[in-house]
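Visitor: what follows is a predicted protein model with its sequence.
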Amino acid sequence: MTIFFICIAILILGYKFYSPFVEKQAGIDATTITPQARFNDGVDYVEIHPVRAFLIQFLNIAGVGPIFGPILGALYGPIALVWIVLGNVFGGAVHDYFSGVMSIKEDGKSLPEIAGHYYNTVFKGFMLIFTAMLLFFVGVVFIMSPAGLLSNLDAFKGTFMANNTFWVLVILAYYFLATLLPIDKIITKFYPIFGLLMIVMTTMIAVALLIEAPHLPVTGDFLAYFSADHHAHDLLTPNPDGLPTWPLLFVTITCGAISGFHSTQAPIIARTLTNEKYVRPVYYGAMVCEGIVACVWALAGIAAFPEGYAGLKELLDLGGPGLVVNHVANSYLGVLGGIMAIIAVAVFPITSGDTAFRSLRLTIVDAFNIPQSVRNRLLLALPILTIAYFMTKLDFSLIWRYFAFSNMLLSTSVLWLATKYLFDRGSFHWIVSIPAVITTGVTISYIMTASIGFNLSSDFGRPIGAAVIFIGLVLLIIVNNKHKISAV
């Protein structure tokens, strides 16, 4: 129990003390007129109260990411909590914050346009491809997962609503409306309510676990995990399936720690803020909040099963993380928990899916300078969602693997983009450049060992990742020293 409270305390203290230091490096100016005021178009550049903006941003980046990922990551043991906390404060929250900063500084533009400004057209093209690809994969995944859940509910058995295609079409119809309509018609009205619902649900699950869970992690678990009694090989492969912690834990738990998808959502809220001073509470704050959600569900995976990790693995093999959510919610919250579990794995991903497609529309609009008329929005939404429908016919696991790689690669690219932003300002770039080097190592190591990559043995992949990190740090030091000399 103490360990859980320490993790939550570190996240809160990170926001209280580290985020103001990060903000000082970013060049925030509370007197600057924001893009919302300069480009107010009644569609995307619409004023939103900062509290609503925070709740919408939190919901946009969350979905089921900080629920499913930490449940899967719990199989790696207590180190999952360590990764969530450290990854969040020093990686993910900084990543999300600078995504918001750079967007609001660049007229609310999307990532590829920002990349073109700070680097070149080649990097802009690279970012455009991977941003669009990631957004599309996220949208498709968040059609397939809730449709699968809803079609299998007992209440719909024997009816036309038990057909998966029916729910796919219903969700696509909603995505069409949410993508097409101005942001203040659906998103600003309902998403703050869903954001509050996720906070309430997470709090209830946390309290129930802390009171009733049979295997709450204690300090001794961490000391034993990192003790000299463990061999280095055991530390690298604690997963019951023998999967190595490096790099797979860092890929398994992204939302809650660091996720490139979050940066794609940044322009949506950057176009609505009325003051640059709101960037830190909205972006950094929302990511810290997501980290707390991730800690709660990692705790559920570690502590909620009387059989321990064997019980968690058995349930995952039967029905994936969605079944674990259902089990935990029903076991610890009863009937109310069952209702909340359905909301968590059906409604929450839908709210992330529609903003993914909306962000994809904005990315295309920015890249090709397309006017925001109703006709143009319609011409963009229709082909995107039509292709998405046919993508739902593909194997879910295949789409998920490509999503995971795209997510990692994009988060790394955004951190390097933020590094260039701080370099140009003459600010303390290490707050983003060090995380950028680490995520580069993770990405290289993953693609070397993954089945969608080179499929090498992890005995080769791990050293390659470590070497990339070492070389990256050395090059950063050299470039930093040259920059100091040239400045003098």
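Guide: All right, it came through fine. Numbering: from 1, shown residues only.
Visitor: quick check, pLDDT for residue 242.
Guide: Looking at residue 242, its pLDDT stands at 69.
Visitor: then the one 3 residues further on?
Guide: pLDDT recorded at residue 245 is 80.
Visitor: before we move on, what about residue 397?
Guide: The model's pLDDT for residue 397 equals 63.
Visitor: try residue 194
Guide: For residue 194, the model assigns a pLDDT of 88.
Visitor: give the contact list for it.
Guide: Contacts for residue 194 were tallied using Cβ atoms under 8 Å, 6 or more residues apart in numbering; they are 59, 347-348, 351. Any C-beta I mention is one placed from the backbone N, CA and C, and that applies to glycine too.
Visitor: what's the helix or strand for it?
Guide: helix 187-212 (DSSP states H and E).
Visitor: kindly report the same for residue 381.
Guide: helix 374-391.
Visitor: OK, contacts around residue 415?
Guide: By Cβ under 8 Å, 6+ apart, the residues touching residue 415 are 91, 94-95, 98, 432-433, 435-436, 439.
Visitor: in CSV: these, plus pLDDT, neighbour count and distance to residue 377.
Guide: Shown next, in CSV, are those (pLDDT from 0 to 100; neighbours: other Cβ atoms under 10 Å; distance: Cβ to Cβ, whole Å):
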residue, pLDDT, neighbour count, distance to residue 377
91, 96, 24, 35
94, 98, 27, 33
95, 98, 31, 29
98, 97, 28, 29
432, 97, 28, 34
433, 96, 22, 38
435, 96, 23, 36
436, 97, 25, 35
439, 95, 26, 34
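Visitor: in strands only, show me the residues you listed.
Guide: Within these, no residue falls in strands by DSSP state E.
Visitor: mind telling me the two of those farthest from one another?
Guide: Spatial extent of the contacts of residue 415 (Cβ to Cβ) is set by the pair 98 and 439 at 13.5 Å.
Visitor: is the nearest residue to residue 12 once chain neighbours are set aside within a helix or a strand, and which one?
Guide: Spatial nearest neighbour of residue 12, chain neighbours left out: residue 288 (7.2 Å); criterion: Cβ to Cβ, 6 or more residues apart in numbering. Secondary structure from DSSP H and E places residue 288 in helix 285-303.
Visitor: relative to helix 285-303, how tilted is the following helix or strand past that helix?
Guide: Remark: after helix 285-303, the chain's next helix or strand is helix 309-342, criterion DSSP H and E. Here the directions of helix 309-342 and helix 285-303 differ by 130 degrees (axes from the mean of the first three to the mean of the last three Cα atoms, to 10 degrees).
Visitor: list the helices and strands helix 309-342 packs on?
Guide: Where contact means 3 or more Cβ pairs under 8 Å, 6 or more residues apart in numbering; DSSP states H and E, helix 309-342 is packed against helix 65-73, helix 121-151, helix 187-212, helix 285-303.
Visitor: now the shortest one: average pLDDT?
Guide: Average pLDDT, helix 65-73: 89.
Visitor: now tell me what touches it from outside.
Guide: 80, 83-84, 249, 252-256, 259, 261, 290-291, 293-295, 297-298, 300-301, 312, 316, 320-322, 324-325, 344-345, 348, 352.
Visitor: same question, stretch 333-346
Guide: Contacts for stretch 333-346 (Cβ under 8 Å, 6+ apart): 64, 67, 145-146, 149-150, 153, 197-198, 201, 204-205, 208, 322, 325-326, 328-331.
Visitor: show me what the mean pLDDT comes to for stretch 271-289.
Guide: Here the average pLDDT along stretch 271-289 is 97.
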